[in-house]
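Asker: here is my input, please return the structure:
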Amino acid sequence: MNIQVAVLAGGMATRLGLLTRSRPKSLVMIDNKPFLEHQIMMLKKGGVKEIVLCAGRFAQQIVNYFGDGAGYGVHIIYSIEEKPLGTAGALKNAESILNEVFLTLYGDSFLSVNFEEILSFFMRSQKLGLMTVFKNNGFCDRSNTCIDDPGMVVKYDKQSEKGLEYIDYGLNVFQKKVLEMIPADEYYTLEQVFNRLIGRRQLISFETKERFYEIGSLTGLAEFQKYVQSTKQ
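Answerer: Numbering: from 1, shown residues only. Predicted structure coming up:
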């Protein structure tokens, strides 16, 4: 199965302070390796061979470090933003190199999933989009997602205060035709895409049981560092 993953690494990473003042979040070092290397090894282990790296500020540093990915056993294609385009705008910018079905991974997320299982589930669903979710109940971060009994996502609200049990896991699957919803060369977010798909009942969920890690905050970074150390024991 040919699995293509677009890694969304174009964010400004303001919550990491001095750590990202002169480098992208993808190159923050953890156990003497940049975070993106941890992601690449995780993806490779899951059978992913092709990565579309959507980058923005400091993108050349990533290109210089990883090249075409051959040294890591994967093939990396770069899509570089000249200005911030948001998580969905970055996908629109990469439209010419994305497959008819592709996965997306946030550039600060690390997770353990069966990529083939998720992709097969999505193909059987015949929906336009899939969101992996974790029954969070406020554990990792603020829960932001509601799903109904058939497993369709019926609400996605990053600012929600209460009443939601699930959180988006950081991994999504889309049919390429979803990109038709996204305006070219404009700032547009996946949250906007999710809500348009929800309105059309075209966003199905896939629940995972393992927690995810993220380095979007200093707290998350510290937790991931502990996780990496625990895997070496």
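
Asker: show me where the chain has its helices.
Answerer: Applying DSSP state H to the chain gives helices spanning 35-45, 59-66, 86-93, 115-125, 190-199, 218-230.

Asker: those helices: which one's closest to Val154?
Answerer: Of all the helices of the chain, the one in closest proximity to Val154, counting by C-beta to C-beta, is helix 190-199 (6.3 Å). Every residue, glycine included, has its C-beta placed from N, CA and C.

Asker: mind listing residues that contact that closest one?
Answerer: Taking contacts as C-beta atoms under 8 Å, 6 or more residues apart in numbering, the residues outside helix 190-199 that touch it are 86-88, 104, 128-129, 131, 153-156, 158, 172, 178, 181-182, 203.

Asker: out of the residues you listed, which are buried?
Answerer: 86-88, 104, 128-129, 131, 153, 155-156, 172, 178, 181-182, 203 (16 or more other C-beta atoms under 10 Å).

Asker: which of those residues lies closest to Ala222?
Answerer: Among those, and counting by C-beta to C-beta, the member closest to Ala222 is Thr87, at 24.3 Å.

Asker: Arg99: neighbouring residues, count only.
Answerer: You called it Arg, but residue 99 is Asn. Residues lying near Asn99 (other C-beta atoms under 10 Å) number 14.

Asker: and it, what does it touch?
Answerer: 2, 4, 176.

Asker: who wins for most neighbours among those residues?
Answerer: Ranked by neighbour count (other C-beta under 10 Å), the contacts of Asn99 have Gln4 at the top, with 20 neighbours.

Asker: list the contacts of it.
Answerer: 48, 50-52, 98-99, 102-103.

Asker: from Phe121, how far out is it?
Answerer: 17 Å (C-beta to C-beta, to the nearest Å).

Asker: how about Phe102?
Answerer: Going from Phe102 to Phe121 by C-beta to C-beta gives 15 Å.

Asker: now do the top strand by length along the chain: distance to the chain's middle.
Answerer: Identified as the longest strand of the chain according to DSSP state E is strand 166-175. Offset of strand 166-175 from its chain centre (C-alpha atoms, centre = their mean, to the nearest Å): 7 Å.

Asker: can you list the low-confidence ranges for this structure?
Answerer: Residues of the chain that meet the criterion pLDDT under 70 lie in 12-15, 137-141, 160-163, 233.

Asker: check which helices and strands the longest strand of the chain sits against.
Answerer: Applying 3 or more C-beta pairs under 8 Å, 6 or more residues apart in numbering; DSSP states H and E, one finds that strand 166-175 contacts strand 101-106, strand 109-110, helix 115-125, strand 129-135, strand 145-147, strand 203-208.
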